[in-house]
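**Q** quick one, what's the 3D model for this:
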Amino acid sequence: MKTLKITALLSVFILGCASKNEAQSVNKSQPNVILIMTDDQGYGDLGVTGNTIIKTPNIDSFYGESYHLTDFHVGPTCAPTRSSLMTGRYANSVGVWHTVGGWSLLREGEKTLGDMFTQAGYITGAFGKWHLGDNYDFKPENRGFQETVMLQGGGVEQTPDYWGNTYFDDTYFKNGKPQKYKGYCTDVFFNEAIKFIKSNKKKPFFCYLAPNAPHGPYNVPVKYYNLYKDLPETVLADKQKRFYGMISNIDDNFGKLRKTLTDLKVADNTILIYMTDNGTSGGYYAKGTKVTGYNAGMRGTKGSEYEGGHRVPFFIYWKDGKISTSKDINELTAQLDIMPTLAEMCGIQLPKDHKKLNGKSILPLLKGTKTSDDRMLVTDSQRIQNPEKWKSSAVMQNKWRLINGKELYDIAKDKGQKNNIAAQHPDKVADMRNFYENWWKEVSVDFDKEVYFKLGNKLENPIALTAHDVHAENGQQPWNQPSIRVGQKGSGYWSVNVLEEGNYEVSLRRYPLEANLALNASAKAITKKEIPGLEEDVPAGKVMNYVAATINFGNTVKEKVNVAPADFAANFKVHLKSGKTTLNASFIDNKGEENVAYYVYIKKI
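**A** Numbers count the residues shown, from 1 in each chain. This next block holds a predicted model:
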């Protein structure tokens, strides 16, 4: 099968595919796909986008051989971007408008890139960060990925992550099971992806490679920190030196990956994408007149509705598809477009039973057969339990940006979004507001439908829940392990679905099972002296003085037990009726103060 013939037939082919959704048999000459998405690296965190300090020679070289989406947008934070990338649908529609708090779980019934490629007969693998749920059936293994090596939660050191991980010599989850790995996290994930590619070089594969770097904490091998350590603080703050070092490490791994593809003789027929998940978290600091780092002239960083929060780099290469020279594509595009674009490029169907797509194939843009169609897109940052209309939102059309429904900018003339011209263009504001109103009606349909953890599932019994996923109106989710060590207060409930009526064991812990620590024990500190690459010491555990624990299933099953200082858990045996309900689980200290149970294990017996 000749690639050019496939490309010529794709437009007709995919129309039939989208409606038929029939099973496919893979053709060995179909292109491989490698999608690399780094974590918290912004548009300005590369040499080729104008950063004169950072060292990214391999990615810079790739830029010279690839097409660049110069107006490409994602969500302003991690999990929302990933949910839209995986589904081609708006994050708010698929239940992922937060990074914690029970709203980073990809709704049941949503289909992913993993599902699409598996259905098409591809071998699929995922490596690094998932951040769309760690329980059945939210895990990548349940969403179309056949081989995985992933961390849990949103990054190393977060509450669901394996206890004691530091970025160095950590334990990750291989096909859902914990396994110890030697080396720095980014090196591990690239190495595992390379192993996957080598094992499947003779058949079409889809490799999703999503390192957690350069997300904080900014733990980095000393040799990469040393690339920047001698720069004065007026140029880069210490955190930025670490952040840049993490990116230079990614760059070295990217170079190794490309060399592997060449050595295996699969580079030419591999679609290779490099992108990031939101604006920079550490590459740019501005306080008063003091500015360090680089943000490509944009306003805002990670989490912001302004351009710097969601405009990110996107480079794509496919030599056999005639995408192998440096070329800018300047039209408005988004992560929503990746699923339909890859389907069309590979000549495969969209996933069976897929819901309404919000993205569209941009292959015509890449082929130069179509220019802008004046589409509008929305990105926003909710990060609360109940989404609010207009909150931290950007409506985008061509170079127009409507921010929070009130501020209008023309970024072709005002890249830094300093001059609000809403008063001069009332018709444009009204048009973009009207689009948002219709968008909100569509994405808000299921806002009141919580996503449930399944209790009594034979495929996950016991189930492990963490404070990362409690619904808390006050935002008190102890979402990382350092906060657990110091005893950060938390509150809230888990949404659970008891699949089968019966007897259950419920075990509440302050530390996870693998930590093997008593409730009131002090976890050992982890110091920079032990691991020189740490950004800062990890604190020892605070003695909590817990004396009792309580559980409450929907106000129908309430229990309380006393605990002794040396106990490892508070254990309950309860009878639960089937159905959806809520679970509150707390410890009580010797002062009578409550705190959410950081880890809960539930087993049907």
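
**Q** check contacts around residue 330.
**A** Applying Cβ atoms under 8 Å, 6 or more residues apart in numbering to residue 330 gives the contacts 70-71. For glycine as for every other residue, the C-beta is placed from the backbone atoms N, C-alpha and C.

**Q** following the top strand by length along the chain, which helix or strand shows up next?
**A** Taking DSSP state E as the criterion, the chain has its longest strand at strand 579-589. Downstream of strand 579-589, the next assigned helix or strand under DSSP states H and E is strand 594-596.

**Q** just to revisit the earlier point, by contact count, what packs against the longest strand of the chain?
**A** If contacts are counted by 3 or more Cβ pairs under 8 Å, 6 or more residues apart in numbering; DSSP states H and E, strand 579-589 sits against strand 494-498, strand 502-509, strand 546-553, strand 594-596.

**Q** what is the mean pLDDT for that strand?
**A** Mean per-residue pLDDT for strand 579-589: 98.

**Q** returning to what we had before: reformat the helices and strands packed on strand 579-589 as TSV; add mean pLDDT.
**A** Listed next are the helices and strands packed on strand 579-589 as TSV, based on pLDDT from 0 to 100:
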stretch	mean pLDDT
strand 494-498	98
strand 502-509	98
strand 546-553	98
strand 594-596	97
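
**Q** for those, could you give me TSV that also reports distance to residue 463?
**A** Below are the helices and strands packed on strand 579-589 laid out as TSV (distance: least, Cβ to Cβ, whole Å):
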stretch	distance to residue 463
strand 494-498	9
strand 502-509	10
strand 546-553	14
strand 594-596	17
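
**Q** about what we covered before: so what touches the longest strand of the chain?
**A** Taking Cβ under 8 Å, 6+ apart as the rule, strand 579-589 contacts 452, 465, 491-498, 506, 508, 510, 519, 544-554, 556, 563, 570, 594-597, 600.

**Q** what of stretch 414-430?
**A** So stretch 414-430 is contacted by 297-300, 306-307, 400-403, 406-411 (Cβ under 8 Å, 6+ apart).

**Q** flag the shaky bits of the chain, pLDDT-wise.
**A** 1-25 (pLDDT under 70).

**Q** how about a cut-off of 50?
**A** Along the chain, the parts satisfying pLDDT under 50 run over 1-23.

**Q** what segments of it are helices?
**A** 3-20, 57-63, 78-87, 113-119, 185-199, 222-225, 238-263, 307-310, 338-346, 363-367, 426-443, 481-485 (DSSP state H).

**Q** run the chain-centre distance for the fourth one.
**A** Relative to the centre of its chain, helix 113-119 is centred 18 Å away, using Cα atoms, centre = their mean, to the nearest Å.

**Q** one more: the third one?
**A** Relative to the mean C-alpha coordinate of its chain, helix 78-87 is positioned 6 Å out (Cα atoms, centre = their mean).

**Q** just stretch 587-600 next, same as before
**A** Centre to centre, stretch against its chain (Cα atoms, centre = their mean), the figure for stretch 587-600 is 30 Å.

**Q** same question for stretch 98-113.
**A** On Cα atoms, centre = their mean, the centre of stretch 98-113 falls 10 Å from that of its chain.

**Q** list the buried ones in it?
**A** Counting neighbours by 16 or more other Cβ atoms under 10 Å, one finds that the buried residues in stretch 98-113 are 98-107, 110-113.

**Q** likewise for stretch 188-201?
**A** Quick answer for stretch 188-201 (16+ other Cβ under 10 Å): 188-194, 196-197, 200.

**Q** repeat for stretch 586-596
**A** 586-588, 594-596.

**Q** closest to residue 348 among those?
**A** Taking Cβ to Cβ as the measure, residue 596 is the one of the buried residues of stretch 586-596 closest to residue 348, at 44.2 Å.

**Q** look up how far residue 590 lies from that closest one.
**A** 17 Å (Cβ to Cβ, to the nearest Å).

**Q** can you check residue 217 too?
**A** From residue 217 over to residue 590 (counting by Cβ to Cβ), the distance is 32 Å.

**Q** same list (the helices of the chain) but as a markdown table, adding distance to residue 211.
**A** Below are the helices of the chain laid out as a markdown table (distance: least, Cβ to Cβ, whole Å):
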| stretch | distance to residue 211 |
| --- | --- |
| helix 3-20 | 29 |
| helix 57-63 | 13 |
| helix 78-87 | 12 |
| helix 113-119 | 17 |
| helix 185-199 | 5 |
| helix 222-225 | 14 |
| helix 238-263 | 6 |
| helix 307-310 | 20 |
| helix 338-346 | 18 |
| helix 363-367 | 26 |
| helix 426-443 | 29 |
| helix 481-485 | 19 |
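
**Q** and the closest residue to residue 32 other than its chain neighbours, what is it in contact with?
**A** The spatially closest residue to residue 32, leaving aside those adjacent along the chain, is residue 270, at 4.2 Å (Cβ to Cβ, 6 or more residues apart in numbering). Counting by Cβ under 8 Å, 6+ apart, residue 270 makes contact with 31-34, 261, 318.

**Q** mind checking how far residue 270 is from residue 350?
**A** Distance from residue 270 to residue 350, by Cβ to Cβ: 21 Å.

**Q** and if you look at residue 46?
**A** Distance from residue 46 to residue 350, by Cβ to Cβ: 32 Å.

**Q** list the contacts for residue 569?
**A** 507-509, 519, 601.

**Q** any chance of those in JSON lines, with neighbour count and distance to residue 137 too?
**A** Formatted as JSON lines, the contacts of residue 569 follow (neighbours: other Cβ atoms under 10 Å; distance: Cβ to Cβ, whole Å):
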{"residue": "507", "neighbour count": "20", "distance to residue 137": "23"}
{"residue": "508", "neighbour count": "25", "distance to residue 137": "24"}
{"residue": "509", "neighbour count": "25", "distance to residue 137": "24"}
{"residue": "519", "neighbour count": "24", "distance to residue 137": "31"}
{"residue": "601", "neighbour count": "18", "distance to residue 137": "19"}
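
**Q** redo these as TSV? Include distance to residue 373.
**A** Output for those, formatted as TSV (distance: Cβ to Cβ, whole Å):
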residue	distance to residue 373
507	56
508	55
509	54
519	59
601	52
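
**Q** and the furthest pair within those?
**A** Every pair of those checked by Cβ to Cβ; the farthest is 519 and 601, at 13.7 Å.

**Q** name the residues contacting each of those two.
**A** What both residue 519 and residue 601 touch, as defined by Cβ under 8 Å, 6+ apart, is the set 509, 569.

**Q** quick check, residue 194 in contact with residue 258.
**A** No. With contact defined as Cβ atoms under 8 Å, residue 194 does not reach residue 258; the gap is 10.6 Å.

**Q** look up how far residue 456 lies from residue 580.
**A** Counting by Cβ to Cβ, the gap from residue 580 to residue 456 is 13 Å.

**Q** one more: residue 590?
**A** Taken as Cβ to Cβ, the span from residue 590 to residue 456 is 35 Å.

**Q** with residue 445 instead?
**A** Counting by Cβ to Cβ - residue 445 and residue 456 are separated by 29 Å.
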